[in-house]
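Peer 1: got a predicted structure here, sequence first:
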Amino acid sequence: MDTFLIPVFIVACIILFCEFFVVLLFAIPLRFVLRLFQTEGQSEQSVLVSWGLIGCRITNGGNRQKLEGCLGHHKILSRYFEREPERGDEVKIPRPADFRSGEQYLTFFPRMIVPAGRFVSVLWHECRFENCTGSIRMGTKDPVATGVLYGGYWAARFGLRASRIFIEMKPDFNREIFEMDVTIRLWINHPLRIIIAGIQLMRNRPVRNAMNHEKSRSGGTAKEIGRAHV
């Protein structure tokens, strides 16, 4: 009897753990923090995704990409990825046009409106914009144009603050410059609803047909290009 209860207990623990995880996915919001930083000699973009105590940050700067994993305030993962710089002398092979695929997309598009609209509707209702903060320094070669832009900012300043956009603009009348340090914060109230809506969208037959057609088309194009090189 005891040997029979052991697998039953294990299965029950797995089911309880899955149910508990599903409840957490519904209750704990998913937060996003997007930071855009640019100066005269540096450009960097980072995205922080956090769910409860778990967080992941991806930072792009120049030819280097950084991946960080956090648990609470402790960093548990940090990796750097080097990207090869793009060469200007590389010849890009044009992709051949396929008019038949355009006709198929025209037939797929009306069928995809309803499922895609449902997913966008769920995403719209679950997403919440928190705020946008930061500063922008901007200047043109023409001081008059810079003054016009700065005046337009002051005219729209109260409307931006009412929309929770708190950006300070600093004009520079002496040179042409554009620097910014802007942070955008938003969250998803119930991530489980987004996951369910995404699964329903991917299981929709017109969406699957469009994806399979794109995969077969890209695979066929790659084979044709390879044959051309041979």
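Peer 2: Cool, the structure landed.

Peer 1: buried residues, the helix or strand residue 60 falls within. List them.
Peer 2: Secondary structure assigned from DSSP states H and E places residue 60 in strand 54-61. Neighbour counts using 16 or more other CB atoms under 10 Å place 55, 57, 59 of strand 54-61 among the buried residues. No exception for glycine: its C-beta is placed from N, CA and C like everyone else's.

Peer 1: now swap in stretch 179-187 and tell me
Peer 2: Buried-residue list, stretch 179-187, by 16+ other CB under 10 Å: 179-185, 187.

Peer 1: of all those residues, which comes closest to residue 26?
Peer 2: residue 187 (14.1 Å; CB to CB).

Peer 1: which ones are touching the closest one?
Peer 2: When contacts are counted by CB atoms under 8 Å, 6 or more residues apart in numbering, residue 187 touches 29-32, 127-128, 130.

Peer 1: tell me the confidence at it?
Peer 2: Here, the pLDDT recorded for residue 187 equals 92.

Peer 1: helices or strands up against the helix or strand where residue 151 lies?
Peer 2: Assigned by DSSP H and E, residue 151 falls within helix 143-155. Counting by 3 or more CB pairs under 8 Å, 6 or more residues apart in numbering; DSSP states H and E, the packing neighbours recorded for helix 143-155 are strand 127-139, strand 165-171.

Peer 1: could you report the distance from residue 35 to residue 164?
Peer 2: 17 Å (CB to CB, to the nearest Å).

Peer 1: quick one: which of those two has more around it?
Peer 2: residue 35 (17 against 12; other CB atoms under 10 Å).

Peer 1: buried stuff in the strand or helix carrying that one?
Peer 2: Per DSSP H and E, residue 35 falls inside strand 30-38. Residues 30-31, 33, 35, 37-38 are the ones in strand 30-38 that count as buried (16+ other CB under 10 Å).

Peer 1: was I right to think residue 147 contacts residue 171?
Peer 2: Yes: between residue 147 and residue 171 there is a contact at 7.3 Å, judged by CB atoms under 8 Å.

Peer 1: and those two? which has more neighbours close in?
Peer 2: residue 171 (18 against 13).

Peer 1: for the more buried one, give the beta-bridge partners.
Peer 2: Taking DSSP bridges as the rule, residue 171 bridges to residue 138.

Peer 1: cool, and residue 48?
Peer 2: residue 33, residue 57.

Peer 1: what segments of the chain are strands?
Peer 2: 30-38, 43-51, 54-61, 64-71, 74-82, 127-139, 165-171, 177-188 (DSSP state E).

Peer 1: OK, contacts around residue 181?
Peer 2: Counting by CB under 8 Å, 6+ apart, residue 181 touches 35-38, 134-135.

Peer 1: how near is it to residue 35?
Peer 2: For residue 181, the distance to residue 35 - CB to CB - is 8 Å.

Peer 1: hang on, the earlier thing: tell me what the strand holding residue 60 is packed against?
Peer 2: Checking 3+ CB pairs under 8 Å, 6+ apart, strand 54-61 ends up next to strand 43-51, strand 64-71.

Peer 1: average pLDDT across that strand?
Peer 2: 89.

Peer 1: relative to strand 30-38, how tilted is it?
Peer 2: 20 degrees (axes from the mean of the first three to the mean of the last three CA atoms, to 10 degrees).
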